[in-house]
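> Sequence plus predicted model, see below.
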Amino acid sequence: MRAILFTFAVVAATSTSSAQNPDKELVATITGPMLHGGMISELAWDRGTLVIQTVTMEKSGVMKAGYFTAPGRGMEVVASTQVPAGVSRYWKMKSNRVSPTGLGRIEDIHDAKMPMYGIASQAQRFADAHEMGGTIQTFGLKLHELTIHSRTTGVPPYDGEVWSWSPPELNRIAYVDGRGDVWIARADGRHPERVLKGNFTLPAWSEDGRTLAVAERKDGGHKWEISVVHLAEKHRK
């Protein structure tokens, strides 16, 4: 597998936020020609550099990964065949089911039920459910008593898709709920607070704790916008 890297101009470490309000900054737009019909699958950080991983399906049916990196202002677009060294280490930390300090633990929620189509016998409702595609599957994630994500679909969220642990010293979690809004809570699920409303995914907390990267799927997946949120001081201490 050959990974291609491109460098974009972005400021990902300089905070322009006020003491209480986060500031969202668009840093990269990944479009159809770059994606080759694929999708954004990971956001990660590598020593202050934001790494954007794309995944495409080749004609052979094999999934192929590609990478974009965004290290700082004034950088020109360049190509590279090297995969960022710290990506695997970072992703293992941010997508773990247990927080870096061991305080938080994420568990699955799964519920299946037949759709209801009015008053009918049980046999008829089974028949109706079969014709309409079977049972309704609900997948969710729970952090202690807090439900951080819930979706009704045949595809459960993969680890790290909708959450990111902060650096250990902050002892927090950033997560995306079922509507696509971004929240921050303590690592044990206490004191959740919404920081962004929208249709976001793949939160990635920077290693210095100051910023949060997020992705937005646009135009049916033909375009993705990558932004960084300069976090308010209350979320950085």
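In hand now; what should we look at? Residues are numbered from 1 along each chain as shown.
> quick one, helices of the protein?
Applying DSSP state H to the chain gives helices spanning 32-35, 87-94, 122-131.
> Least confident of those helices, on average?
Lowest mean pLDDT within these: helix 122-131, a mean of 50.
> any idea how far Ser99 is from Glu25?
Separation of Glu25 from Ser99 (CB to CB, to the nearest Å): 27 Å. Heads up, the C-betas are built off the backbone N, CA and C, glycines and all.
> got it, and Thr153?
On the measure of CB to CB, Thr153 and Ser99 end up 26 Å apart.
> number of nearby residues for the closest residue to Val182 other than its chain neighbours?
Closest residue in space to Val182, ignoring its immediate chain neighbours: Leu196 at 4.0 Å, by CB to CB, 6 or more residues apart in numbering. A total of 20 residues lie near Leu196 under the criterion other CB atoms under 10 Å.
> if I pick Leu196, what's in contact with it?
Pro22, Lys24, Asp181, Val182, Val214, Val229 (CB atoms under 8 Å, 6 or more residues apart in numbering).
> most surrounded residue in those residues?
So for the contacts of Leu196 (other CB under 10 Å), the most neighbours sit at Val229, 26 neighbours.
> Kindly state the beta-bridge partners for it.
Lys24, Leu212 (DSSP bridges).
> Might you report the residue contacts of it?
Going by CB under 8 Å, 6+ apart, Val229 touches Pro22, Asp23, Lys24, Glu25, Val182, Val195, Leu196, Thr211, Leu212, Ala213, Val214.
> Trp165 too?
Met93, Lys94, Asn96, Ser99, Pro100, Gly104, Arg172, Ile173, Ala187, Trp205.
> How about it, nearest residue that isn't a chain neighbour?
Ser99 is the one closest to Trp165 (CB to CB, 6+ apart), at 5.1 Å.
> Next, work out how far apart that neighbour and Ala204 are.
From Ser99 across to Ala204, the span is 15 Å (CB to CB).
> Who has more neighbours out of those two?
More crowded of Ser99 and Ala204, by other CB under 10 Å: Ala204, with 26 against 22.
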